[in-house]
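**Student:** Below are the sequence and a predicted model; questions follow.
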Amino acid sequence: MTEDATAQDVLTVRREKLERLRAKGIEPFALRFDRDATTAEIAGKFAGLEPGEDSGQVVRVAGRLVGLREHGKLSFGVLRDGTGDVQLFLSAETLGADAYAALEDLDLGDWIGAEGEVVRTKRGELSVRPARLVLLTKSLRPLPEKWHGLRDVELRYRRRYLDLATNEEARARLAARARMLAALRGHLDGLGFVEVETPVLQPVAGGGLARPFVTHHGALDIDMYLRIALELYLKRLLVGGMERVYEIGRTFRNEGISPKYNPEFTMLEAYQAYGTYEDMMDLTEGLVKASAEAVNGSRTYSWRGTGVDLDRPWPRITLHDAVAEAVGRDVTTDTPVEDLQRVADERGVGYDPAWPAGKLVVELFEKLVESNLVAPTIVKDFPREVSPLARPHREDPRVTEHFDLIMGGVEIVPAYSELTDPDEQRARFEMQRAQAAAGDDEAHPFDQEFLVALEHGMPPAGGMGLGVDRLLMVLTDAPSLREVILFPALRPES
């Protein structure tokens, strides 16, 4: 018999059970169940029960049936709720003969409610001994194989609900994400930042160098863009007098998919009036440490077998020095683009001959250096060509006060001393427009409305953006970004 035929037989049997239940007058899709205890609460409250001891206390629990086996005149089930598992100690003596016989109409994956006394079996297993068992929802399709779950990685992402139902690690990452988001908010709230919400649909996709998703607004009859960053609207709030603001929100970039990239992802961006990129370095360090404590319970974690201690000093190096060290020769803001092209050719790094020197230096860094930076490293002072929204460096205006935090070989945070001069900002937009005309489809668009806002006056400020998914990926040592995004982008099934 083929695998498809076997699977179809399983579905047929479950459908037959469904009809049998209805013929007995049993509703297989119940309205509600009055639960009064979770499995975690039972484990905590009754931890002191001795083997063979009965508690004398009755509880009502509910969850998915994920295990069921017969042992003589007894059966043992495993009920899983959102907090853990508990054993069901099932017998005809307690349930009654008819209810015990009806166990044959249950399947793994069914949602059930159980009411009974909490006991510890002679073998030491904390259990509920039901006097009443209620079918809450009949599962018409089987769960993945009990011990291994979904072994096809793409199927795990496509049917995340099954992954969560059978994979404890997936559930742990989901819980860790919630704790991390709470920690990020708590840290910023404690520093006087105000959480805000800004538009997802924008007339100009600004705040980053990326290809946007385009849509059309029917009533306004204009093209609009899913935001690629949160930046430009948050800066408008600084113009309006809000001194510390942040947003945690979904952003979208119409780019490739890889272990480090998903077209839909979560960003945290924060802006602080009267701050600089040094202040953002301190803020970034605080946010990362708070996240690590929330996720792992400490400021240490492991990445690909390497232990990392966040309390050790974080190196701070310039972009040009990082590239120079990697290629074994001087690389500075004075290095001609032809010399950089020769370095790229020698190292097998591809590039567009039209790229200016600054963009090529960044490409060399990303290809030759970034993946080797495992512990948190601040790489600073990026060229003006790739930092259209950052302030010129106070000592060398050919670069900007822009840093990236690299952890686990990926960029986690870009941050700036923000550009507040509207005339300089206009010149940067013009530079980007020229790059777009030369074929760069990730150049920053010209945003006249943002320039008008800057002309009303924005205070000196520092700003930063933190990739929430990437940070969680590193802190949990996940093999891919898609492990920490509940429903990553996938090609539709044929």
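**Tutor:** Okay, I see it. Keep in mind the model is a prediction, meaning the values are calculated, not measured.

**Student:** Helices along the stretch 101-250 of the chain, start to end?
**Tutor:** Counting by DSSP state H, counting those that start in this stretch, the stretch 101-250 of the chain forms helices over residues 153-158, 160-166, 168-190, 231-239, given from the N-terminal end onward.

**Student:** which of the residues in the first one are buried?
**Tutor:** Going by neighbour count (16 or more other Cβ atoms under 10 Å), the buried part of helix 153-158 is 156, 157, 158. C-beta coordinates here come from the backbone N, C-alpha and C atoms, glycine included.

**Student:** what would the residues you listed look like in CSV with distance to residue 361 and pLDDT?
**Tutor:** Conversion of the buried residues of helix 153-158 to CSV gives the following (distance: Cβ to Cβ, whole Å; pLDDT from 0 to 100):
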residue, distance to residue 361, pLDDT
156, 39, 87
157, 36, 89
158, 40, 88
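
**Student:** and this protein, what are its domains?
**Tutor:** Per automatic domain parsing, the domain ranges recorded for the chain read 3-143, 165-315+375-483.

**Student:** who's in contact with residue 288?
**Tutor:** 310, 376, 405, 407, 412, 471 (Cβ atoms under 8 Å, 6 or more residues apart in numbering).

**Student:** Give me the below-cutoff pLDDT ranges for the stretch 151-300 of the chain.
**Tutor:** Per-residue confidence for the stretch 151-300 of the chain (pLDDT under 70) gives these ranges: 151.

**Student:** circling back to that earlier point, which of the domains of the chain sits closest to residue 363?
**Tutor:** domain 165-315+375-483 (9.5 Å; Cβ to Cβ).

**Student:** Show the end-to-end separation of that closest one, please.
**Tutor:** Using Cα to Cα, to the nearest Å, the span of domain 165-315+375-483 from its first residue to its last is 15 Å.

**Student:** just to revisit the earlier point, any chance of the domains of the chain in CSV with distance to residue 354 as columns?
**Tutor:** Shown next, in CSV, are the domains of the chain (distance: least, Cβ to Cβ, whole Å):
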stretch, distance to residue 354
domain 3-143, 54
domain 165-315+375-483, 5
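
**Student:** what about those, which gets the closest to residue 366?
**Tutor:** Across the domains of the chain, the minimum distance to residue 366, taken as Cβ to Cβ, is reached by domain 165-315+375-483, at 8.4 Å.

**Student:** Output the helices of the stretch 101-250 of the chain as JSON lines; include the columns distance to residue 105.
**Tutor:** Compiled in JSON lines, these are given as follows (distance: least, Cβ to Cβ, whole Å):
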{"stretch": "helix 153-158", "distance to residue 105": "29"}
{"stretch": "helix 160-166", "distance to residue 105": "21"}
{"stretch": "helix 168-190", "distance to residue 105": "28"}
{"stretch": "helix 231-239", "distance to residue 105": "56"}
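
**Student:** just the ones you listed: most buried one?
**Tutor:** Highest mean neighbour count of these: helix 231-239, a mean of 22 (counted as mean count of other Cβ atoms under 10 Å).

**Student:** And for that helix, what's in contact with it?
**Tutor:** Helix 231-239 has contacts (Cβ under 8 Å, 6+ apart) with 196, 198-199, 202, 204, 206-208, 245-247, 269, 271, 273, 389, 418, 447, 450, 453-454, 456-459, 461, 463, 465.

**Student:** if you set the cut-off to 7 Å instead, what comes out?
**Tutor:** When contacts are defined by Cβ atoms under 7 Å, 6 or more residues apart in numbering, helix 231-239 is touched by residues 196, 198-199, 206-207, 245, 247, 269, 271, 273, 389, 418, 447, 450, 453, 456-459, 461, 463.

**Student:** cool, and stretch 268-287?
**Tutor:** The set of residues that contact stretch 268-287 without belonging to it, under Cβ under 7 Å, 6+ apart, is 184, 187-188, 193, 230-231, 234-235, 238, 243-248, 314, 378, 401-403, 405, 413, 415-417, 459-466, 468.

**Student:** Strand partners (parallel or antiparallel) of the longest strand along the chain?
**Tutor:** With DSSP state E applied, the strand covering the greatest number of residues in the chain is identified as strand 54-71. Sheet pairing here is set by DSSP bridges, and for strand 54-71 it gives strand 74-81 (antiparallel), strand 111-120 (antiparallel).

**Student:** which residues touch it?
**Tutor:** Judged by Cβ under 7 Å, 6+ apart, the contacts made with strand 54-71 from elsewhere in the structure are 33-37, 39, 42, 46, 49, 75-81, 86, 106, 108-119, 128, 136, 165.

**Student:** closest to residue 324 out of the strands paired with strand 54-71?
**Tutor:** Nearest to residue 324, of all the strands paired with strand 54-71, is strand 74-81, at 55.2 Å by Cβ to Cβ.

**Student:** pLDDT (mean, whole number) over the closest one?
**Tutor:** If you average the pLDDT over strand 74-81, you get 96.

**Student:** what does stretch 54-69 give?
**Tutor:** When pLDDT is averaged over stretch 54-69, the result is 96.

**Student:** Export that stretch to PDB, keeping only CA atoms.
**Tutor:** Listed next in PDB are the C-alpha coordinates belonging to stretch 54-69 (Å, rounded to 0.1, in the frame of the first residue of the first chain):
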ATOM      1  CA  ASP A  54      -3.800  10.700  46.400                       C
ATOM      2  CA  SER A  55      -4.200  14.500  46.900                       C
ATOM      3  CA  GLY A  56      -8.000  14.400  47.600                       C
ATOM      4  CA  GLN A  57      -8.300  17.500  45.300                       C
ATOM      5  CA  VAL A  58     -10.200  17.500  42.000                       C
ATOM      6  CA  VAL A  59      -9.200  19.600  39.000                       C
ATOM      7  CA  ARG A  60     -10.500  20.300  35.600                       C
ATOM      8  CA  VAL A  61      -7.800  20.400  32.900                       C
ATOM      9  CA  ALA A  62      -8.000  20.800  29.100                       C
ATOM     10  CA  GLY A  63      -5.600  20.400  26.200                       C
ATOM     11  CA  ARG A  64      -4.600  18.200  23.300                       C
ATOM     12  CA  LEU A  65      -4.200  14.500  23.700                       C
ATOM     13  CA  VAL A  66      -0.700  13.700  22.500                       C
ATOM     14  CA  GLY A  67      -0.200  10.300  24.000                       C
ATOM     15  CA  LEU A  68      -2.400   7.300  24.700                       C
ATOM     16  CA  ARG A  69      -1.400   3.700  25.500                       C
END
